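Chemist: Below are the sequence and a predicted model; questions follow.
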Amino acid sequence: LASTNNGTHIFGASASKDNFTDIGVTVPTGPCPAITGDPLSFTTTLNQTPFTGVTPSEIDQVVASPDSSVAFVLYNAASASGLLPAYQPSTTAGQPGTLTNVQLSGSAQAPLAGIFSPDETIFFVSTSGDNLIHYVNPVTLQDTQTINPGLTNPNGQAVPVQLMAIKPRPTT
């Protein structure tokens with residue numbers, strides 16, 4: 001699960017149902033409601049979109065962009081072919097967004113872990129198959145570059161990155 005920073009969507013993905021779920025949330029406007037002891041309720045809409053070309057055996061992560069414009073689904077699958085599902089929510093409340101696939105370059109298989117750069121211009125995604133980190137442009141949804149992190153197991157065999165973290169650098 002992931003929620004958007006603007007508070008209008010909760011995203012989820014299911015390997016058993018092969019779909020992406022977008023729960024649209026309409027946040028009430030106006031003055032704060034009186035405290036009555038009753039729970040605060042929100043209007044929600046449920047949109048489910050099936051994956052195409054992707055049959056995940058497990059969902060590892062759903063990562064929503066800081067600007068709430070796109071979310072990526074990271075998964076594992078025996079038959080992965082380098083497709084990274086990307087969901088762009090609708091700008092119209094209650095309407096389903098668009099689920100497309102980013103074709104990752106080279107011999108990439110499953111996208112396993114990912115994170116946005118601090119300036120939100122790159123989505124870094126690690127993949128099985130080639131054990132590289134791919135740079136995905138979150139606006140154009142294109143794989144633009146790869147780097148080799150050089151991770152190996154105790155036998156010296158290359159392994160994919162399983163976890164990523166961003167450490168912002170000072171600007172001064």
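Modeler: Perfect, I can see it now. Please read these numbers as outputs of a predicted model, since none were measured by experiment. Numbering: from 1, shown residues only.

Chemist: Going by C-alpha atoms from here, please, whenever you check contacts or count neighbours.
Modeler: Noted.

Chemist: just so I have it, where are all the helices in the protein?
Modeler: All residues of the chain lie outside helices when identified by DSSP state H.

Chemist: Low-confidence regions, it specifically.
Modeler: Of all residues in the chain, none has pLDDT under 70.

Chemist: residue at max distance from the center of it?
Modeler: Taking Cα atoms, centre = their mean as the measure, the residue most remote from the mean C-alpha position of the chain is Thr36, 37.7 Å away.

Chemist: which residues are contacting stretch 128-142?
Modeler: 70, 86, 102-112, 120-127, 143-149, 158-161 (Cα atoms under 8 Å, 6 or more residues apart in numbering).

Chemist: what's the burial count for the nearest residue to Ala71 once chain neighbours are set aside?
Modeler: For Ala71, the nearest residue in space outside its immediate sequence neighbours is Ala64; the separation is 4.1 Å by Cα to Cα, 6 or more residues apart in numbering. For Ala64, the tally of surrounding residues (other Cα atoms under 10 Å) stands at 25.

Chemist: quick one: Ala64 and Asn6 touch, right?
Modeler: No - using Cα atoms under 8 Å, Ala64 is not in contact with Asn6; the gap is 10.7 Å.

Chemist: can you tell me which residues contact Asn6?
Modeler: Going by Cα under 8 Å, 6+ apart, Asn6 touches Asp67, Ser68.

Chemist: Many thanks, have a good one.
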